[in-house]
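Engineer: how would this look folded up:
(2 chains)
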Amino acid sequence: MGRFVVRRTFSMALVLLAISILTFLIFQAIPNGDPAQRLAGRTATPETIAAIRHTWGFDKPIYAQYLITMKKVFGGTVISYAQQINVLDEIKRDLPATISLAIGAGVIWLGFGILFGLLSAIFAGKLADRALTVLAMVGVSSPVFLLGAVALYFFAYKAGIFPNGGYVPIQDDPLQWLSHMVLPWITLSVLFIGIYSRVLRSNLLDVMNEDYVRTARAKGIGERQVLLRHVLRTSLIPIVALWSLDFAAVIGGGAILTESVFNLQGVGQYAAQSIARFDVPPVLVIVMFGAFVVVLLSALSDIAFALLDPRIRLRSA
Amino acid sequence: MSVAPGTEASDVGAGLTARAGRSGPARRAGAQASAGIGPYRLALRRLRRNRVALAFGALFGVIVVLCLAAPIYAHDVAHTGPNANHVTEKVRVGGTLTNVVSLQGVPIGPTWHSRFLLGADGNGRDVAVRLLYGGRNSLIVGFLATLLTMALATVIGVAAGFYRGLADSVLSRILDIIWAYPAILLGIALGTSLALGGVTLGPFTIKGNSLLVPAFVIGIVYVPYVAKPIRGQVLALREQEFVDAARVQGAGSLRIMASEILPNLASTIIVFVPLMVANSVLLEAGLSFLGAGVQPPNPSWGTMIGEGIGQIPASIHLTFVPGVMLVLAMLGINVFGDGVRDAFDPRAKLRIEERAEEALQLTSEEAA
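Structural biologist: Here you go, the predicted structure:
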């Protein structure tokens, strides 16, 4: 077990290093044109541009720029081009909204994904299964920002049940927090419920064919017990693995569309606003942060599964 | 499940004989050739029986044709271009002359006339014309991205799975790294940095506002999602007898990959295509909505929805019109894609549904 953890941690560190280099290259090496020029604006004098180039370190070789950038990222001293504010402070300020979104939506989509998948498998081929399939299809075919916009139009502007976007910290007013979060939670969950219910349905139906399920039946265990104890438990492993990745992506700013539509002022929306300003440092940090959270959580979930299931441990060691 | 029992039974026997064939005819568990009928024809036959999938496929086809006909509609029906500005003009709606865009800046909604059939946007542009041109852009990006994804994923997946060892380690790590980014974040990172100044690839320069930029970005982002399953399949395929047989006959690695492995991957690749088109168009919509995809003034469904959301609640048609079209197109291709998957792998469906019926009967017996 110890060896498995060490191996997993080591490969995680390698992936994180590669991600930091790739992310840096995407922003520093790919864009054509002079970053100092972009920063200075159209009307800048050559002297200003030269000064900017020097202060931001654009005149140094690319590997030196990478090292400087990483030092700043991990030292927490990255400054945005456009607003000249500390990027990490901004991210810290935006995290509560993003975490509120991720936890609430994560619970909803996992719960309903399991419920719908279970119903779909129990009634496979029946009307209930067909209806849930149609719902899942509509769910995976609708872009999340469209769902959000439609939800805002009907429930906020027309019916006035929910506020039209924005975020209220939970410590300020828990009820307001809840009413601001309901629409974003549901909107973000729809796509995931569609995917999870389909995956769980086919997993469940596959596991029902396993020998140990037949053994359980042969022992005379009731059908409900077989389904819940033996079939569902095994089928949930890939679902939980999937969930930890999607959850990590939302924490890491991946719910950028939902956050933008509902004006939640989360990490993702900060990234969206920075893109609109062509402000590279915040986007660099958020993209790295997002990838880090994903890699970290997937390593943790791997280790957790290895603890729970000796087969995984043996296979990868 | 509508497959006749006879067909399924003959599949199994034919599958065994097919495996002995020299060049390993395309076969997969569940898609074996029955006597005299190729696996593709069999899949096609199954797909043809699936009315729902065909209907939705047709829906997608109609939308594609409509979007391709955008210039005809613009020229002969609406008599205006996708970026033509009519802010200061007036149109006759229900007998009264109305401003295309009111003094408060609210554009007219659907008029059901040839011009402004579906209303105008804040710049006085014809929404219906932009819808078709936007769809054309969205679909072009979606199809190009899918093409790139499938090509790259096949090459990487086959090479990694076939050569294993160092090549596999390197390629798999690269895939892992791309995989680690949330898709939309990598998309906006690449999209933003490429849209800044375009790309120069040798003698070719792609402008930042070209449709090729989002197509390239989306094509790259989705490579691991396809390459990983292909690699897994190649790992199993390379251990098959027909690969050994080809090697004994003196075929080199490239030859084996091209004429033994690749045909066996064809059904997997086909099954992935509709799925990837849907995902690519949806990602394009998301990126364009954020400003990192198709660049204005070029329309796309995503940019149109993005512009429309800013005008809620006064002009909801700006969100609804492209939104409904996008959802219909995605629904069409997704349901059709599901049908294609079932056609190539009917056994999975058959097995699980029979099994579920059995379980259900047991439950009801228990209850009784």
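Engineer: the most centrally placed residue in chain A - nearest residue in space that isn't next to it in sequence?
Structural biologist: Nearest residue to the geometric centre of chain A (Cα atoms, centre = their mean): A:Ala249, 1.7 Å. Once flanking residues are discounted, A:Ala249 sits nearest to B:Pro182: 3.9 Å by Cβ to Cβ, 6 or more residues apart in numbering or on different chains. Any C-beta I mention is one placed from the backbone N, CA and C, and that applies to glycine too.
Engineer: and for the one you found, the neighbour number?
Structural biologist: Neighbour count of B:Pro182, defined by other Cβ atoms under 10 Å in any protein chain shown: 26.
Engineer: do A:Ile195 as well
Structural biologist: Neighbour tally, A:Ile195, other Cβ under 10 Å: 19.
Engineer: so where's the stretch 201-350 of chain B uncertain?
Structural biologist: Residue ranges of the stretch 201-350 of chain B with pLDDT under 70: B:201-203, B:346-350.
Engineer: now the strands: where do they sit in it?
Structural biologist: With DSSP state E, counting those that start in this stretch as the criterion, the stretch 201-350 of chain B has strands at B:204-206.
Engineer: residues in it within reach of chain A, list them.
Structural biologist: B:208, B:278, B:282, B:285-286, B:289-292, B:302, B:305-306, B:308-309, B:312-313, B:316, B:319-320, B:323, B:326-327, B:330-331, B:334-335, B:338, B:348 (Cβ under 8 Å from any Cβ of the partner chain).
Engineer: now those residues: which count as buried?
Structural biologist: B:208, B:278, B:282, B:285-286, B:289-292, B:302, B:305-306, B:308-309, B:312, B:316, B:319-320, B:323, B:326-327, B:330-331, B:334-335, B:338, B:348 (16 or more other Cβ atoms under 10 Å in any protein chain shown).
Engineer: ok, B:Val234 to B:Tyr163 distance?
Structural biologist: 10 Å (Cβ to Cβ, to the nearest Å).
Engineer: of these two, which one has the most company?
Structural biologist: For the pair B:Val234 and B:Tyr163, the greater number of neighbours falls to B:Val234 (26 against 15), based on other Cβ under 10 Å.
Engineer: look up phi and psi at the closest residue to that one other than its chain neighbours.
Structural biologist: Closest residue to B:Val234 apart from its sequence neighbours, by Cβ to Cβ, 6+ apart: B:Gly161 at 2.8 Å. The phi/psi pair for B:Gly161 (degrees, to the nearest 10) reads phi -70, psi -30.
Engineer: residues near A:Gly254, how many?
Structural biologist: A:Gly254: 30 neighbours (other Cβ under 10 Å).
Engineer: re the thing from before, I'd say the residue nearest to A:Ala249 and A:Gly252 touch.
Structural biologist: Yes. Counting by Cβ atoms under 8 Å, B:Pro182 does reach A:Gly252; the two are 6.0 Å apart.
Engineer: find residues that contact each of the two.
Structural biologist: A:290-291, A:294 (Cβ atoms under 8 Å, 6 or more residues apart in numbering or on different chains).
Engineer: filter those down to the ones close to chain B.
Structural biologist: Okay, of these touching chain B (Cβ under 8 Å from any Cβ), that's A:290-291, A:294.
Engineer: what's the closest of those residues to B:Arg173?
Structural biologist: Nearest to B:Arg173 among these is A:Ala291, at 14.0 Å by Cβ to Cβ.
Engineer: if we can go back for a sec, which among the ones next to chain B among the shared contacts of B:Pro182 and A:Gly252 end up buried?
Structural biologist: Neighbour-count burial (16+ other Cβ under 10 Å) applied to those gives A:290-291, A:294.
Engineer: just the residues you listed: which are in helices?
Structural biologist: A:290-291, A:294 (DSSP state H).
Engineer: columns pLDDT on top of the residues you listed, output as CSV?
Structural biologist: Output for those, formatted as CSV (pLDDT from 0 to 100):
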residue, pLDDT
A:Gly290, 85
A:Ala291, 83
A:Val294, 84
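Engineer: tell me which parts of the stretch 51-200 of chain B are close to chain A?
Structural biologist: B:173, B:176-177, B:180-186, B:188-190, B:192-194, B:196-200.
Engineer: among the residues you listed, which are in helices?
Structural biologist: B:173, B:176-177, B:180, B:183-186, B:188-190, B:192-194, B:196-197.
Engineer: just the buried residues of those residues.
Structural biologist: Among those, those classed as buried by 16+ other Cβ under 10 Å are B:176-177, B:180, B:183-186, B:188-190, B:192-194, B:196-197.
Engineer: between the residues you listed, which is nearest B:Arg238?
Structural biologist: Once Cβ to Cβ is applied, the member of those that ends up nearest B:Arg238 is B:Asp176, at 21.5 Å.
Engineer: my read is that B:Asn99 contacts B:Lys90, right?
Structural biologist: Yes. Using Cβ under 8 Å, B:Asn99 is in contact with B:Lys90, at 5.7 Å.
Engineer: more crowded one of these two?
Structural biologist: Higher neighbour count among B:Asn99 and B:Lys90: B:Asn99, with 18 against 12, using other Cβ under 10 Å.
Engineer: any chance of the backbone angles for the more buried one?
Structural biologist: Per-residue torsions, B:Asn99: phi -70, psi 140 (degrees, to the nearest 10).
Engineer: so how far is chain A from it?
Structural biologist: 23 Å (Cβ to the nearest Cβ, to the nearest Å).
Engineer: ok, that residue - contacts?
Structural biologist: Counting by Cβ under 8 Å, 6+ apart, B:Asn99 has contacts B:89-90, B:108.
Engineer: residue ranges with poor pLDDT in the stretch 1-150 of chain B?
Structural biologist: B:1-36, B:94-95.
Engineer: give the contact list for B:Glu307.
Structural biologist: The contact partners of B:Glu307, by Cβ under 8 Å, 6+ apart, come to B:121-122, B:318.
Engineer: could the residues you listed go into CSV alongside neighbour count?
Structural biologist: Shown next, in CSV, are those (neighbours: other Cβ atoms under 10 Å in any protein chain shown):
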residue, neighbour count
B:Asp121, 24
B:Gly122, 17
B:Leu318, 28
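Engineer: tell me the SS of A:Asp172?
Structural biologist: Classification of A:Asp172 by DSSP: H, G, I helix; E, B strand; the rest coil places it in coil.
Engineer: check the gap between the closest residue to A:Glu90 other than its chain neighbours and chain B for me.
Structural biologist: Nearest residue to A:Glu90, sequence neighbours excluded (Cβ to Cβ, 6+ apart): A:Tyr270, at 6.0 Å. Going from A:Tyr270 to chain B by Cβ to the nearest Cβ gives 12 Å.
Engineer: packing partners of whichever strand or helix holds A:Tyr270?
Structural biologist: Counting by DSSP states H and E, the element that carries A:Tyr270 is helix A:267-276. Under the contact criterion of 3 or more Cβ pairs under 8 Å, 6 or more residues apart in numbering or on different chains; DSSP states H and E, helix A:267-276 touches helix A:87-122, helix A:256-261, helix A:280-308, helix B:183-197, helix B:262-290.
Engineer: of those helices, which is nearest B:Gln104?
Structural biologist: Comparing the helices and strands packed on helix A:267-276 by Cβ to Cβ, helix A:256-261 comes nearest, at 23.8 Å.
Engineer: for the closest one, packing partners?
Structural biologist: helix A:87-122, helix A:144-151, helix A:174-207, helix A:267-276, helix B:183-197, helix B:262-290.
Engineer: do you know how far A:Val182 is from A:Glu259?
Structural biologist: Counting by Cβ to Cβ, the gap from A:Val182 to A:Glu259 is 15 Å.
Engineer: so B:Leu97 is in which element?
Structural biologist: Using DSSP H and E, the element containing B:Leu97 is strand B:96-99.
Engineer: follow-up on the earlier one: could I get the buried residue list for the helix holding A:Tyr270?
Structural biologist: A:267-275.
Engineer: angle of it against helix B:183-197?
Structural biologist: 10 degrees (axes from the mean of the first three to the mean of the last three Cα atoms, to 10 degrees).
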